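Q: Mind looking at a prediction? Sequence and model below.
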Protein chains: 2
Amino acid sequence: MILKSQVEWVLHCCALLAGLPENHYLSTKTLAEFHGVPKEYLSKALQNLSQAAIVETTLGPSGGYRLARPTSEITFLDIVEAVEGKSPTFVCNNIRENNPCRSADHCDTKPCSVARIMWDADEAWRSKLRSVTLASLVETLAKDVPADLWKKSSEWVMART
Amino acid sequence: MILKSQVEWVLHCCALLAGLPENHYLSTKTLAEFHGVPKEYLSKALQNLSQAAIVETTLGPSGGYRLARPTSEITFLDIVEAVEGKSPTFVCNNIRENNPCRSADHCDTKPCSVARIMWDADEAWRSKLRSVTLASLVETLAKDVPADLWKKSSEWVMART
DNA sequence: GGCAATTTACTCGGATAAGGACTGTCCGAGTGTTCCAGG
DNA sequence: CCTGGAACACTCGGACAGTCCTTATCCGAGTAAATTGCC
């Protein structure tokens, strides 16, 4: 069970978009070039973000993407779920129904105990992702990324906005 | 990102094995029949449990599997990791290295900030799974499963042990 | 210089394909139990 | 009745397809800015 590489891509893209001034857009091409990933496939992932109302898009030249909300109101969970989907990582196929001793008319009132535990763990994972916003990521990055690289990257991006 | 259906299978198998008296074994065939899943493919999953020292096996007729440890010392995480592997669900491909502004000799001292957050969430998921033992699952099941079904299932299993 | 038409650059969505992972099946080798035949 | 060998039932491991998901790639349609041409 491994997350799509698209998740990594869009997280980094959002980090880049978060550093952008108001009313500026970044094109898929620029985002793909900056991260060294295939432009057209990255586009698919960004479309998911767009559908989830995390980013906004403008058509035409000088078009592209920008964040649809303040960075403090976008969580990691929003982004991950936009790409991976909201359905739990554990699917219960109710194999207890195959129990040969089970009478045909038996109706399970409660969800399977095994599934409940797995879903709780899934919720713990999502809850952790929900607690981290884009704003806090930017804070962390500002501390971790060397100042000169930060400055050069910023200029590189602004030249293409 | 969805867990293998094998995970569901082996969790239910472990629940069944947990109800077994000491020194009794259940064959793959019996376990597969009880849960209505393909015998040979279930066998693959059980081999993983065997490698992880969660279950023990005996060859020959009247052979099969039994738990290798007390139910209180087997966690959901043990079982899930035996089937799914121990590697984190998020893999960091270090796409920040593709940053065109990055100097060639630049060496990243810290792991990627994005990856750290994702790994924290992964750990929260694993931590939750680690907190649930087979013993507590059996307790829950004893409460949730109707008494007559529990009794009949127990007899069905014991007839094949 | 001002306005309309054309070109251009971009997003969006669908179609398509390669590769890998998950799911499932089959078979041979090894092992321990059970059963049967011969003494 | 006792003992040795054959038959049997099971696990283990490898080999092998089928199907779905991931990872792309390509192209046409639509849109808005930029450019060009014309008055």
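A: That came through, no problem.

Q: For chain A, which residues are neighbours of DNA strand D?
A: A:4-6, A:37-38, A:40-41, A:44, A:58-63 (Cβ under 7 Å from any atom of the strand). Any C-beta I mention is one placed from the backbone N, CA and C, and that applies to glycine too.

Q: Just name the closest of those to A:Ala124, please.
A: Checking these against A:Ala124 by Cβ to Cβ gives A:Lys4 as the nearest, at 21.0 Å.

Q: before we move on, the earlier item: pull out the buried members of the residues of chain A next to DNA strand D.
A: A:Ser5, A:Gln6, A:Val37 (16 or more other Cβ atoms under 10 Å in any protein chain shown).

Q: Same list, the residues of chain A next to DNA strand D, but as JSON lines with pLDDT and secondary structure please.
A: What follows is the residues of chain A next to DNA strand D, written out as JSON lines (pLDDT from 0 to 100; DSSP: H, G, I helix; E, B strand; the rest coil):
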{"residue": "A:Lys4", "pLDDT": "96", "secondary structure": "coil"}
{"residue": "A:Ser5", "pLDDT": "96", "secondary structure": "helix"}
{"residue": "A:Gln6", "pLDDT": "97", "secondary structure": "helix"}
{"residue": "A:Val37", "pLDDT": "95", "secondary structure": "coil"}
{"residue": "A:Pro38", "pLDDT": "95", "secondary structure": "coil"}
{"residue": "A:Glu40", "pLDDT": "93", "secondary structure": "helix"}
{"residue": "A:Tyr41", "pLDDT": "96", "secondary structure": "helix"}
{"residue": "A:Lys44", "pLDDT": "95", "secondary structure": "helix"}
{"residue": "A:Thr58", "pLDDT": "91", "secondary structure": "strand"}
{"residue": "A:Leu59", "pLDDT": "90", "secondary structure": "coil"}
{"residue": "A:Gly60", "pLDDT": "84", "secondary structure": "coil"}
{"residue": "A:Pro61", "pLDDT": "83", "secondary structure": "coil"}
{"residue": "A:Ser62", "pLDDT": "83", "secondary structure": "coil"}
{"residue": "A:Gly63", "pLDDT": "85", "secondary structure": "coil"}
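
Q: Can you report how many residues lie near the closest residue to A:Val37 other than its chain neighbours?
A: Once flanking residues are discounted, A:Val37 sits nearest to A:Trp9: 5.4 Å by Cβ to Cβ, 6 or more residues apart in numbering or on different chains. Number of residues near A:Trp9 (other Cβ atoms under 10 Å in any protein chain shown) recorded here: 23.

Q: Kindly provide the distance from A:Trp9 to A:Lys39.
A: Here A:Trp9 is placed at a distance of 11 Å from A:Lys39 (Cβ to Cβ, to the nearest Å).

Q: next one: A:Pro100
A: Counting by Cβ to Cβ - A:Pro100 and A:Lys39 are separated by 55 Å.

Q: again with A:Arg96
A: A:Arg96 is 47 Å from A:Lys39, by Cβ to Cβ.

Q: Between those two, point out the one with more neighbours.
A: A:Arg96 (23 against 13).

Q: Correct me if wrong: A:Leu3 contacts A:Phe76.
A: No. Between A:Leu3 and A:Phe76 there is no contact under Cβ atoms under 8 Å: 11.6 Å.
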